[in-house]
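Visitor: Coordinates for the following, if possible.
(chains A and B)
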Amino acid sequence: MTQALSEDDIYRTSTQYRLWSFSPDALASLRTKTREIAVERLRRSSEQQAARNDEPEVVEYLTEDEELRLTQRYCDQIRSTSDHLKWPVHVKATAVQYLKRFYLSNSCMTYPPKEIYKTVLYLASKTEAIHITVSDYARRISTDPEQVLAPEYKVMQALRFTLDVKQPFRGLKGVLMELLNLAEGLVGAVDGADSMNGDEVKASMLQVRRPPEGNRTQWTPPSSGTLDGKHLNDRIQAAYSAARTLLDAPALLTDVYFLYTPSQILLAAMHVADEPLTSFYLSTKLPISLSTRPQILATIHACADMLAAFDQGAVLTKDERTALEAKLDKCRDPGTKDLIKAFAAMRQDGMEDGKVEEGVAQKRKAAREKNERDGDDLFGPSLPKTNEGSR
Amino acid sequence: MATSPALDVPPEGPPFKRLKTGSNGVSTASSPAPSHMADLAEQVDAQERQKYIKGRKLGSGQYADVYSAHLVSDPTQLVAIKKIKVGAEAKEFGISYDSLREIKFLQELDHPNIIKLYAVFSTKSQNLNLVLEQLPQGDLLKLIQDTSNITYTPADIKSWMLMLMRATHFCHANYVLHRDIKPNNLLIASDGSIKLADFGLARSFADPFQKMTYNTVTIWYRPPELFFQAQYYGGKVDVWSCGCVFAELVARDVMFRAWPENEINMVKMICDKIGTPTEDNWPGVSKMKGYVTPTEVVPLRPKEHWMAQFRAVGETGVDLLMKMLLLDPRKRLSAEEVLKHPFWTAEPRPSRLEDLPRKGGGMEVMGEDLKRRGGEIPNGGGAGGRGDKVARKIDFGAMK
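Guide: The predicted structure follows:
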């Protein structure tokens, strides 16, 4: 028996699919749950404090929306820091996803993003094969190396020890090359697609209608109205470059990685860049008769809407961020305040290798059992079954 | 895509399915619990940790300790837990590159001939614990070296090599370079199958024009282009290492073992055994940064020369071996091309798993295998032994 795994089969075994892909509802409820736990934790600790000082303080917590916007602001910060360090785009994209994944199970009130973003960027540099010591890194971004390393295990834990982030950049380059080939009259064999020879493809490609108003491409058709090969080439390059820009801020600062696959994201970016050209490209891939065609197109369009709706102006300004962080300072979890100290303490703990006094152990056991009761399935459902037989 | 049965990936009956997270954790008396109200990540981590009961220590090294362990829910399901130690370089790098690479790639690769990573969890001491498949039958090196007790046939070699090539092909199909293929990284499962382990030096394929280090792969298994300091390369580096393993299985001796063990002598040995890399057999080679060869040019060794040493695997086998060890990486076969070679379907058929010889050696061997870090050669630390010329020294200057 011979079986071949398709790219889709392989994608479905990835941790990105198994652990980090969600429906919009599941994503929203996960975030709500995370914030609830954080607020509950804060409430308990302020009750304890109140019992001691008997001056109950009214604390205003960050709203879910504020948390989201603060996280987004630090995703943007990672983008600019990574660009400042002149690191390749895959490091930046990985780091941004690490931060977004981190805040699915942690609240900004427990771990403010200001203290986490440098760590995820450093971790991403390591997993994406950039070699730099933590002291060099810290020096280049004017920070303290200990602050970079202190939350590293916490980050690993929140990432559920999965480090691979599948990205759309190489795939987009592949689309560029394929389009250039089609424009040259070179057609690769595509199973089941409408059969045209190279010249016919080239001819019909020249006829593709002009990009409508609102498409992001910079390309405009020649005034004469008739296209030649050179114009077509320019059109393809312009569409690629507009799509590539969309894969930076809009794709990194929205939830598209949680909701769509890399190929859906890159085709959506192409769609926003030059819709008629992208539809033509897809027509060479998806025959009209294909039963999944409407579903595939609808998914790409939904993702495209999300990318197109992104507004860089909506990202928090520096002043807004400062104001939000002032609010955060008041509702910040005191238990996680000094990460460096906590880091050192955990190390110390580890060296004693699990000796816990009996009273403490009892209390912890009770707390643990409570957590387990509360904690059932908080992190979403069991892993999706992925075609068990073909593993 | 699969045109050769050699590409076939048989469905595997795993010892147990990939563990589900999110199911009820069973608490054990010894497991530490978060003392505060746990966040979601801590809960998942704790649940994972509480699924296992650690048993005896199987091995202990500078880099990691390895324990036998079993599932709380089913004591017959054994695993190995590799507890990574915080090394000296933690101050400079935090969690080490080796650990991160191993975790990153093993989390993604699910194949019957690649060691399975069931889970990772951390302990309060901030140690990373890798829950791995238990592979109690030692490694391929032990079989090769035990010439007095173990005999094996060309059909056995074919079977092992087939499993190795499938694993390598699967890595490459997932855009992963292993970069440390050698007999002691090929562990043997209780059913006799081979499992590629130790992804501490692995990396993803680089984007075009992105430089990679040439200072990688244990020196005896390192291809000539890396000695010549190539910074752009692909899966063919692993194929060379696989070729070295193939030759070593047949000859029961390391194919390229230079003494004293340094790069110059390794190149000399490759020239001597295969032929000197020249512009004729490898266009462009003389322009490579590290290109140095002995002045006396050895012509490419003809097939008869190879037949004299590797006759056991037949003419087809020798043909394949020569193509896996071609000097010019552009001409060398890719892992997929290796699997499409007629060798696999020629007589004899590869041995069935249950007929493969095994040495046992037990879990201690696995402990030894897992506690090492990438690029190390076992029994090292002395002249004449399997020396300690590690591959993992990273050349920072050469990397971006």
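
Visitor: burial count for residue 250?
Guide: No chain in the question, so chain A it is. Counted with other CB atoms under 10 Å in any protein chain shown, residues neighbouring residue A:250 total 22. The way it works is simple: take the backbone N, C-alpha and C, and place the C-beta from them, glycine included.

Visitor: meant chain B actually
Guide: Counted by other CB under 10 Å, the residues lying close to residue B:250 total 21.

Visitor: Next one, pLDDT for it please.
Guide: If you check residue B:250, the pLDDT there is 97.

Visitor: Check which helix or strand it maps to.
Guide: helix B:236-251 (DSSP states H and E).

Visitor: quick one: buried residues of that helix?
Guide: For helix B:236-251, burial by neighbour count (16 or more other CB atoms under 10 Å in any protein chain shown) applies to B:236-250.

Visitor: For the single nearest residue of the stretch 1-150 of chain A relative to chain B, the count of nearby residues, please.
Guide: Minimum separation of the stretch 1-150 of chain A from chain B (CB to the nearest CB) falls at residue A:105, amounting to 3.8 Å. Counted with other CB under 10 Å, residues neighbouring residue A:105 total 25.

Visitor: Quick check: it vs residue A:20, distance?
Guide: In this view, residue A:105 and residue A:20 are 11 Å apart by CB to CB, to the nearest Å.

Visitor: right, is the helix holding residue B:250 up against chain A?
Guide: No: Helix B:236-251 stays clear of chain A (CB under 8 Å from any CB of the partner chain), getting no nearer than 15.2 Å.

Visitor: For the stretch 101-250 of chain B, just list every one of the helices.
Guide: B:140-145, B:154-173, B:224-227, B:236-251 (DSSP state H, counting those that start in this stretch).

Visitor: my bad, should have said the stretch 51-200 of chain A
Guide: For the stretch 51-200 of chain A, the helices defined by DSSP H, counting those that start in this stretch cover A:64-84, A:89-105, A:113-127, A:134-140, A:145-149, A:152-158, A:169-183, A:198-206.

Visitor: any chance of these in CSV, plus distance to residue B:344?
Guide: CSV is the format used below for those (distance: least, CB to CB, whole Å):
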stretch, distance to residue B:344
helix A:64-84, 46
helix A:89-105, 36
helix A:113-127, 35
helix A:134-140, 48
helix A:145-149, 49
helix A:152-158, 41
helix A:169-183, 31
helix A:198-206, 37
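
Visitor: Can I get those in TSV including mean pLDDT?
Guide: Formatted as TSV, those follow (pLDDT from 0 to 100):
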stretch	mean pLDDT
helix A:64-84	96
helix A:89-105	97
helix A:113-127	97
helix A:134-140	96
helix A:145-149	94
helix A:152-158	94
helix A:169-183	94
helix A:198-206	86
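
Visitor: closest to residue B:128 out of those?
Guide: helix A:152-158 (7.3 Å; CB to CB).

Visitor: what does that closest one contact?
Guide: A:98, A:101-102, A:104-106, A:111, A:116, A:119-120, A:122-123, A:339, A:343, A:346, B:41-42, B:45, B:94-95, B:122, B:126, B:128 (CB atoms under 8 Å, 6 or more residues apart in numbering or on different chains).

Visitor: Burial check on residue 156, number of neighbours?
Guide: In the absence of a named chain, chain A is used. Neighbour number of residue A:156 under other CB under 10 Å is 27.

Visitor: that answer is for a different chain, and I need it for chain B
Guide: By other CB under 10 Å, 20 other residues sit near residue B:156.

Visitor: who touches it in this structure?
Guide: Contacts of residue B:156 (CB under 8 Å, 6+ apart): B:351, B:355, B:356, B:357.

Visitor: Select only the buried ones of the residues you listed in PyMOL?
Guide: Only the buried entries of those go into this PyMOL selection, using 16+ other CB under 10 Å:
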select buried, chain B and resi 351+356
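
Visitor: Between the contacts of residue B:156, which sits nearest residue B:326?
Guide: The closest of these to residue B:326 turns out to be residue B:351 (CB to CB; 27.4 Å).

Visitor: Quick check: the closest one touching residue B:154?
Guide: No: using CB atoms under 8 Å, residue B:351 is not in contact with residue B:154; the gap is 9.3 Å.

Visitor: before we move on, the earlier item: which helices and strands does the helix or strand that the helix holding residue B:250 is followed by pack with?
Guide: With elements assigned by DSSP H and E, the helix or strand that comes after helix B:236-251 is helix B:263-273. Applying 3 or more CB pairs under 8 Å, 6 or more residues apart in numbering or on different chains; DSSP states H and E, we find helix B:263-273 packed against helix B:224-227.

Visitor: what's next to the helix it packs on, contact-wise?
Guide: Applying CB under 8 Å, 6+ apart, the contact partners of helix B:224-227 are B:214-217, B:233, B:236-237, B:240, B:263, B:266-267, B:270, B:277, B:288, B:290, B:327, B:329.
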